[in-house]
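Trainee: Need coordinates for the below:
(one chain, ligands or ions: 5)
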Amino acid sequence: MLNLKPLTSRKFSLFDEATHDVLGKVDKALKAVIEKQSASVQLQEAMYYAALNGGKRFRPLLMMGSASLFDLSFETFLPIATAVELIHAYSLVHDDLPAMDNADTRRGKPSCWRQYSEATAILVGDGLLTLAFEVIASSSLNPTIALELVTKLAKASGPNGMVGGQMLDIAQDHHDDFSSITTLQRLKTGELIAFCCEAGAIMGEQDPFIRKQLKEVGYKIGLIYQMVDDLLDKKGEAHILGKPSQQDGDKITLVDKMGEDQTLQKIDDLKEEAFSILKPFGPKADMFKEIIKRSIERKF
Ligand code: IPE
Ligand code: IPE
Ligand code: MG
Ligand code: MG
Ligand code: MG
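Mentor: Ligands and ions are numbered 1, 2, ... in the order given. The predicted model follows:
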């Protein structure tokens, strides 16, 4: 008799294999680039500590999802995925500093400034950020595409993107209405995530409409991701989160504005909106949709 396995089990195992592959490749690429930064062994060790310490690699996974819409292999995206993780790691190192969120732990270990020193953590952030752009600029990507990616990545991470959002976040007493918080979240978390989602369309040389659609999906995912993060900050346990919980006590988040039930509903609505934009891609969007679903179910 034929032994037909349910389709879903094959789908999930393909998903898990692909995830494993992305995580392994990104870690390897990060290791390789940091190994070359040996001018100060102390700085090198601290950069290694900050970048290779068990991040979920959510942004590279989104790139994989975006790449699969256009039948592109993740391999092509590796320099950009590496650059994005370098920028993300730098943002966390600086975010944890006493002058920012003053967090003692990150990814289940002492935060970079706790393990080394504040000055080292500042320099680690500077180093990782700078390195990100070297990685893309020195890759073998088509120069026109590389230039577009560098420009968009710089915008997404800079003063009109993540850095601007972080500033609004620490000056939050002026920004506690719904639309201001949404703008803040879009900047601090959404822009970098939207860049990752658009990256597939840029690499696949898609028309402006498709690029815009994917960026929109990214903004929705960004909002979902930060709302889940804020829910976890309220409800999660530090030993599972790998970082302190109840860190946002004095900040007003969307969860404070809407309450837990409405936040969960909003997350579900945003997911459905993202899925409906992805619908024309048919089964090619399965990977992307699975990544979105899992980011909602995450516990850390
Ligand atoms: C944490 O990001 C900061 C937010 C923008 C919510 P992640 O939850 O992606 O952190 P790592 O990389 O997995 O540690
Ligand atoms: C940080 O947001 C977003 C960044 C750009 C680093 P949070 O301050 O909420 O991130 P966690 O909770 O410390 O990871
Ligand atoms: Mg913060
Ligand atoms: Mg923080
Ligand atoms: Mg948080």
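Trainee: Contact residues of the stretch 201-300 of the chain facing ligand 2?
Mentor: Within the stretch 201-300 of the chain, the positions adjacent to ligand 2 are 229, 233, 243, 247 by Cβ under 6 Å from any ligand atom. (Each C-beta comes from the backbone N, C-alpha and C, glycine too.)
Trainee: among these, who's most crowded?
Mentor: The residue in those with the most neighbours, by other Cβ atoms under 10 Å, is Lys243 (24 neighbours).
Trainee: For the stretch 101-250 of the chain, give the residue positioned nearest to ligand 4.
Mentor: Asp101 (3.6 Å; Cβ to the ion).
Trainee: Please report the distance of that residue from Leu128.
Mentor: Distance from Asp101 to Leu128, counting by Cβ to Cβ, to the nearest Å: 18 Å.
Trainee: How about Lys234?
Mentor: Distance, Lys234 to Leu128, by Cβ to Cβ: 29 Å.
Trainee: returning to that earlier point: Asp101 and Leu128 - which one has more neighbours?
Mentor: More neighbours surround Leu128 than the other of Asp101 and Leu128, with 28 against 20 (other Cβ under 10 Å).
Trainee: Contacts only, for the closest residue to Gly242 other than its chain neighbours.
Mentor: Excluding its sequence neighbours, the residue lying closest to Gly242 (Cβ to Cβ, 6 or more residues apart in numbering) is Gly108, at 3.8 Å. Taking Cβ atoms under 8 Å, 6 or more residues apart in numbering, we find Gly108 in contact with 53-54, 239, 242.
Trainee: Show the buried residues in the residues you listed.
Mentor: Listed as buried from the contacts of Gly108 are 53, 242; burial here means 16 or more other Cβ atoms under 10 Å.
Trainee: And the contacts of Gly108, which two are furthest apart?
Mentor: Asn53 and His239 (15.9 Å; Cβ to Cβ).
Trainee: re the thing from before, my understanding was that the residue of the stretch 101-250 of the chain closest to ligand 4 contacts Gln246; is that so?
Mentor: No. Assessed by Cβ atoms under 8 Å, Asp101 is found out of contact with Gln246, at 11.7 Å.
Trainee: Please state the backbone phi and psi of Arg107?
Mentor: phi 50, psi 40 (degrees, to the nearest 10).
Trainee: For burial, what's the neighbour tally of it?
Mentor: Other residues near Arg107 come to 18 when the count uses other Cβ under 10 Å.
Trainee: Please name the residues that touch Ala194.
Mentor: 156, 215-216, 218-219, 221-222 are the contacts of Ala194 under Cβ under 8 Å, 6+ apart.
Trainee: one more time with 10 Å, if that's ok
Mentor: By Cβ atoms under 10 Å, 6 or more residues apart in numbering, the contact set of Ala194 is 62, 152, 156, 161, 186, 214-222.
Trainee: ok, and the most crowded of the residues you listed?
Mentor: Comparing the contacts of Ala194 by number of neighbours (other Cβ under 10 Å), Leu62 comes first, having 32 neighbours.
Trainee: Which helix or which strand is home to the closest residue to that residue other than its chain neighbours?
Mentor: Once flanking residues are discounted, Leu62 sits nearest to Cys196: 4.3 Å by Cβ to Cβ, 6+ apart. Taking DSSP states H and E as the criterion, Cys196 maps to helix 191-203.
Trainee: So what's the gap between the following helix or strand past that helix and the chain middle?
Mentor: For helix 191-203, the following helix or strand on the C-terminal side (DSSP H and E) is helix 208-235. Taking Cα atoms, centre = their mean, to the nearest Å, one finds helix 208-235 lying 10 Å from the centre of the chain it belongs to.
Trainee: before we move on, the earlier item: tell me how far the residue nearest to Gly242 lies from ligand 2.
Mentor: With distances taken as Cβ to the nearest ligand atom, to the nearest Å, Gly108 is found 12 Å from ligand 2.
Trainee: Kindly report the same for Ser138.
Mentor: For Ser138 relative to ligand 2 (Cβ to the nearest ligand atom), the value is 25 Å.
Trainee: How about Asp101?
Mentor: Note on Asp101: its distance to ligand 2, by Cβ to the nearest ligand atom, is 5 Å.
Trainee: Test my guess that Lys220 contacts Gln185.
Mentor: No. Look at Lys220 against Gln185 with Cβ atoms under 10 Å: they stay out of range, at 11.4 Å.
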